[in-house]
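Visitor: next comes the sequence, and after it the predicted model I'd like to discuss.
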Amino acid sequence: MSDQVSVSRSQYADLSRDELATLVRELLLIGQLIDRSGMAWCISAFGREEMAQVAIEEWACASPVYTQRMQRALGFVGDDVPTIFKGLQLDIGAPHQFLDFRFKIIDRWSGEFWLDHCGALADVAPMGEDYVRAMCHDIEDPTFDATAVATNRRAQIRPIHRPPFDAPRDGRACHWTIVIDDSHPEAQDLPGLAAIRASVAAGLELAPIDPADDGRPDYAGPVMSDFPAEAFSHSALVHVADELCVQMQLLNLSFVQAVRARATDDEQLTTILRKQLTGVAGVAATRIRACLGLGSDAAAALEVLRLLPMLGPTAYVDVAVEGTPEGDTLVVRRSPAHDDGGWLGLLGPHWSAALDAAVHAVDPRFSVEVTGDADAWTLRVVVGEARKVADEVAVTQFSTGVTWQFEPRHALPLTVIGR
């Protein structure tokens, strides 16, 4: 793992506890939408089969790293099934309700889970059976196991039923068993995992959770039916929000790695990466603005940019809104993220289409003016003629996750069934 780096104050620290509980769910969903943005362009460039391989490498090389980070952050490090289930509840691969994971714990070493709703399936089903099979078989088999082995290398996740050949049963889109047994062979890492573990993002140190803050500081104790975000302290929720930004940064670094291995040249690689970033930045800005009730002026546009997970966490991306005599600006300085070659490396005076897409979500007349250089730049919001939604954002808006509405739920502790 790389040397640890840190910057003290999170961009989410000024939000209220209630706002943070809402934002955590939004960040989980935004993380899922990274693929809704990126994979469309992989299909166009490489075809369906190679797109599936990109997805496998992307998730399998990122999720073991960020799963272990979240376990340490919220104090539920372990080697059993309940630990795996808690990790899934805090994984951008399983956003709350949109991918509605339900759990049954038989004992420490075995259990089941199923999806009462699968937004990913709703997105892919119109594309046909081959795409459903690619997602629910080709991609899920290795990536579910990669997520589980972050906790125990002898964990195996296997289907009871799943699309496209199995119809939903009892309203469940799919249903899986999870078993940890000493007789299982140890799972092996994909070759690309080592590079992601060595990234700056993987070794990022965040400010610790304050145990004296009101509310839960950790996720020790039983697995809850739903992650009880509202029960956690302000300090813990800030930390979770920052970790979810790290998850997205790691997933993107893994995506970059997988696409680079297939791109014909640097131009094709950069084109795909820019399209992915533009699409997810536009829909992320829309959802963040809505969930926090932000306005429609230039100050709201800068606040949306400041809170974008693509520009976070502040321990990784040195970003702040600063006042000048000419008005407020967003300032980005040389950051640890520059060394990883992910999203931040795409942005600056040389290219700002993703930032334009984000402020467009606040007002279609807004765009950005960026000055400086690749390492340090300043952004102003400018007003012009109304523009249409960027094509990359329109492609991402194909996902039902873009308009998803969360419902209130009561989280209950899960009971161990026993054999």
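Guide: Arrived safely.

Visitor: what is the burial count for R306?
Guide: 18 (other Cβ atoms under 10 Å). The C-beta positions use only the backbone N, C-alpha and C, and glycine is treated the same way.

Visitor: I'd say G119 and L99 touch.
Guide: Yes: the pair G119 / L99 is scored as a contact, 5.9 Å apart, by Cβ atoms under 8 Å.

Visitor: contacts only, for I56.
Guide: When contacts are counted by Cβ atoms under 8 Å, 6 or more residues apart in numbering, I56 touches D138, I139, P142, T143, L190.

Visitor: strands of the chain, start to end?
Guide: 99-107, 110-118, 155-161, 174-180, 319-322, 329-332, 366-372, 377-383 (DSSP state E).

Visitor: any chance of TSV for the ones you listed, columns distance to L74?
Guide: Shown next, in TSV, are the strands of the chain (distance: least, Cβ to Cβ, whole Å):
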stretch	distance to L74
strand 99-107	17
strand 110-118	19
strand 155-161	20
strand 174-180	20
strand 319-322	25
strand 329-332	29
strand 366-372	36
strand 377-383	34
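
Visitor: quick one: low-confidence parts of the protein?
Guide: 1-8, 418-419 (pLDDT under 70).

Visitor: farthest residue from the center of it?
Guide: P325 (36.8 Å; Cα atoms, centre = their mean).

Visitor: mind checking how far L121 is from E129?
Guide: L121 sits 12 Å away from E129, taking Cβ to Cβ, to the nearest Å as the criterion.

Visitor: quick one, which of these two is more surrounded?
Guide: L121 (20 against 12).

Visitor: show me the contacts for that one.
Guide: Per Cβ under 8 Å, 6+ apart, neighbours of L121: V132, M135, C136, P163, A173, C174.

Visitor: let's see it at 6 Å
Guide: Contact analysis of L121 by Cβ atoms under 6 Å, 6 or more residues apart in numbering lists A173.

Visitor: wait, S254 touches I196, no?
Guide: Yes: using Cβ atoms under 6 Å, S254 is in contact with I196, at 5.4 Å.

Visitor: any residues in contact with both of those two?
Guide: C61, A62.

Visitor: out of the strands of the chain, nearest to E267?
Guide: Closest of the strands of the chain to E267 is strand 366-372, at 21.7 Å (criterion: Cβ to Cβ).

Visitor: so how many other residues sit close to the residue nearest to R172 when sequence neighbours are not counted?
Guide: Closest residue to R172 apart from its sequence neighbours, by Cβ to Cβ, 6 or more residues apart in numbering: W114 at 4.2 Å. Using other Cβ under 10 Å, W114 has 22 other residues around it.
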